[in-house]
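J.: Sequence and predicted structure below; questions after.
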Amino acid sequence: MSNTLSLNIVTPNGSVYDRDDVTLAVLQTTAGDIGVMYGHIPTVAALEIGYAKINFDGGSEYIAVSEGFVEVRQDKLSIIVQTAEPANDIDVSRAEQAKSKAESHLNDSNGNSDINRAKRALERANNRIRVANLQ
Ligand code: ATP
């Protein structure tokens with residue numbers, strides 16, 4: 001068997017994803033996409049709202065992530081993000097509702113909405129909808 005990576009995804013809610021058979025992880029960093037396999041040079045990178053594609057022996061899965069960091073070591077990948085949901089766990093109707101709510105804040109002409117907050121909420125919602133469809 002080839003060498004594999006262990007992967008742990010941590011959020012403020014604690015560890016939400018853990019496996020030790022990762023053959024390739026594709027991550028969306030602020031500097032572009034990176035592919036990480038066993039033996040990658042150690043690095044730290046900032047992650048954008050996007051997906052992590054995890055390939056393992058016998059399959060692969062997409063995980064929606066919001067902002068955070070990844071730490072890469074030779075045999076270990078640690079992803080520290082605000083939120084992370086495997087595609088299968090995404091509640092699409094909840095994301096659609098969050099999207100509508102964010103859009104109504106963005107269209108609020110009274111100036112009572114925090115526009116940057118609404119933009120980020122919209123990005124998270126669109127990302128969840130996208131990733132749910134990638135599975
Ligand atoms: P909402 O308004 O629906 O809470 P949000 O973007 O404000 O959306 P977050 O603050 O990003 O939500 O996440 C709060 C928690 O809810 C996190 O644990 C996140 O993983 C989970 N979560 C948010 N939206 C979804 C979803 N559509 N499906 C599954 N889990 C979700």
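T.: Yep, that arrived.
J.: Only C-alpha atoms from now on, for both contacts and neighbour counts.
T.: OK.
J.: wait, Val72 sits on Tyr38?
T.: No: contact criterion CA atoms under 8 Å: Val72 and Tyr38 do not qualify, at 9.6 Å.
J.: Pull out the buried positions in stretch 49-57.
T.: Along stretch 49-57, these residues count as buried under the neighbour rule (16 or more other CA atoms under 10 Å): 49-56.
J.: Return the residues in contact with the residue nearest the centre of the chain.
T.: Most central in the chain under CA atoms, centre = their mean is Val65, positioned 1.7 Å from the mean C-alpha point. Counting by CA atoms under 8 Å, 6 or more residues apart in numbering, Val65 touches 48-52, 81-85.
J.: partner residues bridging it?
T.: For Val65, the beta-bridge partners are Gly50, Ala84 (DSSP bridges).
J.: since we're on Asp18, how many residues are nearby?
T.: Using other CA atoms under 10 Å, Asp18 is surrounded by 12 other residues.
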